[in-house]
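Participant: predicted structure and sequence below. I'll ask about it afterward.
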Amino acid sequence: MSKLKTKKAKVYKTDGTIETIEFNSKNQLEVFQKAVGGLIQPVTVIVQNKKPFSMILNEEGLTTLDLPFNPYSHEITEGSIWEYSPFYGNIVVLDSMMR
C-alpha cells in the first residue's frame with residue numbers, strides 16, 4: 001500500500017490571518033470545503049511572466065456579499081484578469097503563489 005503524498009496550501013482568511021493547511025488526494029475536497037466554509041469554486045489565476053496558480057474559493061465568494069470581504073483579494077490576483085474582482089470568504093491558494 002503506497003503512502004499518500006501530503007501537500008500544503010495557504011488559506012488567506014477574511015480576518016487578515018494566513019494559515020497553512022495540509023491535504024492529500026483522498027481528503028482534499030473535505031479540507032478545502034472546511035477552509036472556505038462551504039462548497040468550493042476553483043479559479044485559475046494567470047499573471048504575465050509568472051507560473052499560473054489555483055485558488056479555491058467558497059462557491060458564493062465570487063457573487064455574493066453574504067460572506068465577509070477578503071482583504072487579500074487584490075494582492076493575490078495582482079496582474080491578472082481577476083485583479084480588481086472583489087472576493088468574499090476565505091481563499092485557499094495552491095501552487096506557485098505559496099510564500
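Facilitator: In hand now; what should we look at? Numbering: from 1, shown residues only.
Participant: can you pull the contacts of the closest residue to Y72 other than its chain neighbours?
Facilitator: Using Cβ to Cβ, 6 or more residues apart in numbering and skipping the chain neighbours, the partner closest in space to Y72 is Y12 (4.0 Å). C-beta: built from backbone N, CA, C; applies to glycine. By Cβ atoms under 8 Å, 6 or more residues apart in numbering, Y12 lies in contact with I18, N70, Y72, I76, N90, I91, V92, V93.
Participant: quick one: contacts of the lowest-mean-pLDDT helix or strand in the chain?
Facilitator: Scoring the helices and strands of the chain by mean pLDDT, DSSP states H and E places helix 73-77 at the bottom, with a mean of 91. With Cβ under 8 Å, 6+ apart as the test, helix 73-77 has contacts from Y12, V45, M55, E83, Y84, S85, P86, F87, I91, V93, M97.
Participant: out of those, which are buried?
Facilitator: Y12, V45, M55, F87, I91, V93, M97 (16 or more other Cβ atoms under 10 Å).
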